[in-house]
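Visitor: Got a predicted structure plus its sequence, pasted below:
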Amino acid sequence: MSEKIEDRLEAIFKLQKGLSEMMKLDRYPKDSEGRISALCTAIMHEAVELQRTTNWKWWKTPIPFDVSEAREELIDIWHFVIQASIELKLTPDDILEEYKKKNEINRERQRIGY
């Protein structure tokens with residue numbers, strides 16, 4: 001199963017790299033820290049856009065949840081997360097390994113009542 005996940009991540013990384021090559025990046029920060037900071041800002045703003053698809057305002061009359069719009073916003077976040085991964089020189093294999101490590105830490109925290 002992990003081979004398929006890695007293949008899919010490789011495909012996503014390839015698509016993101018291709019997109020980046022097409023973009024006009026004259027306003028994109030030149031240094032790594034600046035790029036990571038800019039990508040964090042983009043991720044936060046996209047997360048707010050995703051939140052806006054929900055009925056989080058308890059004082060407003062709820063509207064039907066638009067799953068399609070929410071998925072689009074989530075994929076926007078993925079674009080920026082993948083670009084940040086590329087900026088930090090993380091490969092899909094690195095991500096899988098780091099995810100497994102952090103997942104085990106989180107599981108242990110749940111076991112001990114963190």
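Guide: The structure has been received and is ready for your questions.
Visitor: Could you pull out the helices in the protein for me?
Guide: Along the chain, counting by DSSP state H, helices occupy 2-22, 32-51, 67-87, 92-111.
Visitor: Turn the ones you listed into JSON lines, including mean neighbour count and mean pLDDT.
Guide: The way it works is simple: take the backbone N, C-alpha and C, and place the C-beta from them, glycine included. Below are the helices of the chain laid out as JSON lines (neighbours: other CB atoms under 10 Å; pLDDT from 0 to 100):
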{"stretch": "helix 2-22", "mean neighbour count": "12", "mean pLDDT": "87"}
{"stretch": "helix 32-51", "mean neighbour count": "14", "mean pLDDT": "98"}
{"stretch": "helix 67-87", "mean neighbour count": "16", "mean pLDDT": "98"}
{"stretch": "helix 92-111", "mean neighbour count": "12", "mean pLDDT": "96"}
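Visitor: okay if I get the ones you listed as TSV plus distance to Lys60?
Guide: Converted to TSV, the helices of the chain look like this (distance: least, CB to CB, whole Å):
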stretch	distance to Lys60
helix 2-22	35
helix 32-51	13
helix 67-87	17
helix 92-111	34
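Visitor: looking at those helices, which is closest to Lys57?
Guide: helix 32-51 (10.0 Å; CB to CB).
Visitor: can you give me the angle that closest one makes with helix 67-87?
Guide: 170 degrees (axes from the mean of the first three to the mean of the last three CA atoms, to 10 degrees).
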